[in-house]
Each structure stands twice: as structure tokens, then as C-alpha cells.
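# With the input below, show me the fold.
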Amino acid sequence: METASSVDRIVILGRSGAGKSTLVNTLFGANVCEPNHTAESGTSECQAVSVNGRSITLTDTPGFFNTGKCEEEMKSEIVKCIIECAPGPHVFIIVFKVEKFTEQNMEVIKKMTDYFSDEALKFTTVLFTHGDQLPEGMKIEQFVSQSEELSRIVKKCGNRCNVIDNRYWKNSEDVYRSNKFQVKKLLDTIDKIIKENNERFYTHGMLKKVTRDLEQEQ
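The predicted structure is shown next:
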């Protein structure tokens, strides 16, 4: 791990269709990433911009469980995205939908730790999209508490979780159900992660190995 820079580097991980690209658009307040609505998983190249007066680079990665690619190809592409976020990400955001928690969602965490080790969870928050699916008056922490497995995952990520809704929370009069409010909460979570890690970013020996392998292939 190395010391953080003036630009916060964020990497977004999750299943295909979880809402990763639309999350990027919500945070940027503009359509900088085109959501992929096809059966094939895609990834988007996003540039550093100012979010609430701070410089942030968001890197969208290919979705986990892309049926069009083998495990090694998918792993290589996701790790390559991390490498391109050089010298290393300050925060990982794992994206889930507000919906019934499935075995495949659990596998997202397993694959992440397989690729990057348990150490990466110290730099991670869980972000839920489709917040409008929350029952009226319910907050995201209450939703998480209803599932033992989901609670366990959030606990592994330092009990950090956030929520947005890409469609319905743009102009909501409900303070909690407002993207403006929730984006600020997410930025506060990012600050907390960076502070808890002494302003250091994530690195791992495996990334160096993958870099060498990719260079050899090229």
C-alpha cells in the first residue's frame, strides 16, 4: 500500500446488470458511461471529474459471471482494469441491487477476494442500486439486517453500505430517498475508508504478476 494522491481512484465491481454504469452516471451527474443492455457484459472508460468539488476517477469493470467469457479471461480483464487504475485504487465499490440476496451475489465477494485477497475488503463499501425497491420508511441498513448472508458480507466490508436509485431519486422531496443526499453519504464513506487506511491505496503482488503476464502476451 502506498500514500494516497489528490485524486481519489475508485473501482466499481459487481454482476452484469447490477447498475454499475448508471451508478457512474449518477455520481458524475452526467451520462459519461453508456449502460450495456445486451446479453454480453461490457465495461466503460470513465474520466476523472469533479464530484462535489473533489477530483475522482471511477473505473467501471466488466461484470462478474459474464457467460460469454471463460473464468481466466474475465479475471484477466477485471485485474487489468485495476492495473489501469495505477498506482492503485483507494476504494472498491461492490454494487448490488436492492433485491432478494442470491448465491450468485455471494460469489461476487468470493471472486473479489480470490482475485485480490481479503486485504481488499479493508478498502471496500457495498453500494445498492434500485433504492426505490426499499419498502417505505426503510433504510438500507435495515434491509441488510434482514439477510444473514448479506449482513455477513457488509460486516466483512467494515459494516459500510450505501444506496442510490438511478431513476426515481433524482428530484425526490424525501431527504433520505434523494441521490444528492446519498451521493454525499457515499463520499463520506469514501473519506472514512481512506482515513482508516491512513490515506494509503490498495496494491497487491498479484497485480504486478498479472502486469508481467499481460506484457509478455502483448
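# where exactly do the strands run in this structure?
2-3, 8-14, 49-51, 54-60, 91-97, 124-129, 161-163, 200-201 (DSSP state E).
# closest one to Ile153 among the ones you listed?
strand 124-129 (6.8 Å; CB to CB). The way it works is simple: take the backbone N, C-alpha and C, and place the C-beta from them, glycine included.
# tilt between that closest one and strand 91-97?
30 degrees (axes from the mean of the first three to the mean of the last three CA atoms, to 10 degrees).
# Paired strands for strand 124-129, with orientation please.
Partners of strand 124-129 in the sheet, by DSSP bridges, are strand 91-97 (parallel), strand 161-163 (parallel).
# Tabulate those (CSV), appending distance to Glu199, mean pLDDT and mean neighbour count.
As requested, these are exported to CSV (distance: least, CB to CB, whole Å; pLDDT from 0 to 100; neighbours: other CB atoms under 10 Å):
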stretch, distance to Glu199, mean pLDDT, mean neighbour count
strand 91-97, 12, 93, 24
strand 161-163, 21, 96, 23
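# which stretch among the ones you listed comes nearest Gly14?
The nearest among the strands paired with strand 124-129, by CB to CB, is strand 91-97 at 3.4 Å.
# Next one: Ser50 relative to Leu187, how far apart?
The gap separating Ser50 from Leu187 is 12 Å, by CB to CB, to the nearest Å.
# whoops, I mixed them up, Ile78
For Ile78, the distance to Leu187 - CB to CB - is 24 Å.
# quick one: which of the two has more around it?
Using other CB atoms under 10 Å, the more surrounded residue of Ile78 and Leu187 is Ile78, with 22 against 18.
# so what's that one up against?
Contacts for Ile78 (CB atoms under 8 Å, 6 or more residues apart in numbering) come out as 13, 61-62, 64, 115.
# Of those, which is the nearest to Glu72?
Tyr115 (11.3 Å).
# quick one, what contacts the most centrally placed residue in the chain?
Taking CA atoms, centre = their mean, the centroid of the chain lies closest to Ile93, which sits 2.3 Å from it. For Ile93, the contacting residues are 10-13, 23, 124-127, by CB under 8 Å, 6+ apart.
# now the residues you listed in CSV, with pLDDT and distance to Lys192?
Listed next are these as CSV, based on pLDDT from 0 to 100; distance: CB to CB, whole Å:
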residue, pLDDT, distance to Lys192
Ile10, 90, 14
Val11, 88, 17
Ile12, 89, 18
Leu13, 88, 19
Leu23, 84, 19
Thr124, 95, 12
Thr125, 96, 9
Val126, 96, 14
Leu127, 96, 14
